[in-house]
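# please find the sequence and the predicted model below.
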Amino acid sequence: MGAGMRAARKACSAIINTWSWLLVVGVASLWGYSRVSGGFGLGLRAGESLLTFLIEMALVLPPMFLLVGLFEVWVPRELVERYVGRRAGIAAISWMVLLATMQAGPLYAAFPVAMSLWRKGCSPRNVFIYLGAFSTLKIPMVTFEVAFLGWQFSVARSAITIPVFILLAIIMERMLPSNYMPPGLDDLSPGV
Amino acid sequence: MTILWIIAGSALLVSLIVDRRKTRAALIKGLRMFLGIVPILLGVLALVSVILAAVTPEMMERLLSGKGLLPFFTALSIGSVALIPGFIAYPLAGVLRQHGASNAVLAAFITSLMMVGVLTLPIEARFFGWPVSLLRNALALIGALIVAGGMAWVLV
């Protein structure tokens, strides 16, 4: 990456970061105003759902990033390459699905894990199988699905979804340049 | 959620016992990543909470409980844009079904909600880069369409 591009990226993320904080303050003050003035349901609802999101984020992200940090330091590259790398067999699919279904939380909590796996030598196909399984087959989520939409719905949806996300992952791998590495967050430290 | 904390906690403990310096490196790495993503994540969540507040469940019911292809594609678009946690989305889907939404519409809504994230694209792009994130979301949208179509075919 050239110096110019790096500078452009820095400027871009600085703008996004500033706007992000402004938005949060905006929603919080909207909530506060609605609280004081009584009416204005939109502000109240927005504040409440922001709080729900923040709680969810605070519950899921710290252990997730802790595990990613430990994974980066402890797990050797050869191990990842052997089991879920480009030369790994079909069994890799079940490893990825198993890993993904045991987790909980919103999809954005899976991105750091996926990126870390990718950079340690996991094949892109398996990275996207992980993301597909995480988004559609997490066990905590499926129990909710069974409770509210019935097991027939859940079984049918899972049975159709599994081959679909495996196929999508294969297509993704074919479409990406073979040496592609995700940029990651290393050069985007806080304050940038 | 609790299990996640237990696993992370015990992994940290074992790591601390085996090698302090490596654990320190791991913590710094994790923290750096976390802080790198927090501002943009907060921005997206704030934006989503305003949008979510503007769209009421009654509006969703009116849009998604009709017959034909319109509710189907509406469900697909709402699902792709929105970011709704499962513990809110499934009860909502249950209510929508009682108001006459078909299985195909529900599958379109749920699947696109889970697999496609237009509003979270800036977060995703931080990790994978824009081209990969856009490609993944486009393919996931096609995938959600296939899944929903399949559901219409399997469950009448």
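Yep, that arrived.
# how far off centre is the lowest-mean-pLDDT helix or strand in chain A?
Least confident helix or strand, chain A: helix A:3-37 with a mean of 77, by mean pLDDT, DSSP states H and E. Distance of helix A:3-37 from the chain centroid (C-alpha atoms, centre = their mean, to the nearest Å) equals 21 Å.
# and that helix, what does it pack onto?
Judged by 3 or more C-beta pairs under 8 Å, 6 or more residues apart in numbering or on different chains; DSSP states H and E, the packing partners of helix A:3-37 are helix A:41-74, helix B:20-54. Where you see a C-beta, it was placed from the backbone N, CA and C, and this is true even at glycine.
# in it, which residues are buried?
A:Ser13, A:Asn17, A:Trp19, A:Ser20, A:Leu23, A:Val24, A:Val27, A:Ala28, A:Leu30, A:Trp31, A:Ser34 (16 or more other C-beta atoms under 10 Å in any protein chain shown).
# equivalent analysis for stretch B:60-70, please.
Neighbour-count burial for stretch B:60-70 flags B:Met60, B:Glu61, B:Leu63, B:Leu64, B:Ser65 (criterion: 16+ other C-beta under 10 Å).
# just say helix, strand or coil for the second one.
Okay, so that is B:Glu61. Put simply, B:Glu61 is helix when judged by DSSP: H, G, I helix; E, B strand; the rest coil.
# can you give me the angle the least confident helix or strand of chain A makes with helix A:41-74?
Put simply, helix A:3-37 runs at 140 degrees to helix A:41-74, going by axes from the mean of the first three to the mean of the last three C-alpha atoms, to 10 degrees.
# would you reformat the helices and strands packed on helix A:3-37 as a markdown table and include mean pLDDT?
Formatted as a markdown table, the helices and strands packed on helix A:3-37 follow (pLDDT from 0 to 100):
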| stretch | mean pLDDT |
| --- | --- |
| helix A:41-74 | 89 |
| helix B:20-54 | 89 |
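# want to try JSON lines for the ones you listed, with distance to A:Ala159 and mean neighbour count as columns?
Converted to JSON lines, the helices and strands packed on helix A:3-37 look like this (distance: least, C-beta to C-beta, whole Å; neighbours: other C-beta atoms under 10 Å in any protein chain shown):
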{"stretch": "helix A:41-74", "distance to A:Ala159": "28", "mean neighbour count": "19"}
{"stretch": "helix B:20-54", "distance to A:Ala159": "31", "mean neighbour count": "19"}
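# hmm, A:Val27 and A:Gly47 touching each other?
Yes - with contact defined as C-beta atoms under 8 Å, A:Gly47 and A:Val27 form a contacting pair (6.2 Å).
# what is in contact with the two at once?
Shared contacts of A:Gly47 and A:Val27 (C-beta atoms under 8 Å, 6 or more residues apart in numbering or on different chains): B:Ser49.
# could you give me the average pLDDT of the host helix or strand of A:Phe153?
Remark: A:Phe153 resides in helix A:151-175, with elements defined by DSSP states H and E. Average pLDDT, helix A:151-175: 95.
# do the same with stretch A:181-190
The average pLDDT within stretch A:181-190 is 62.
# also stretch B:87-95?
88.
# how's chain A carved up into domains?
A:1-59, A:75-192 (automatic domain parsing).
# and the last one, how far out from the chain's middle?
Offset of domain A:75-192 from its chain centre (C-alpha atoms, centre = their mean): 9 Å.
# how many other residues sit next to residue 143?
Since you didn't name a chain, this refers to chain A. 13 (other C-beta atoms under 10 Å in any protein chain shown).
# meant chain B, my bad for not saying
By other C-beta under 10 Å, 24 other residues sit near B:Gly143.
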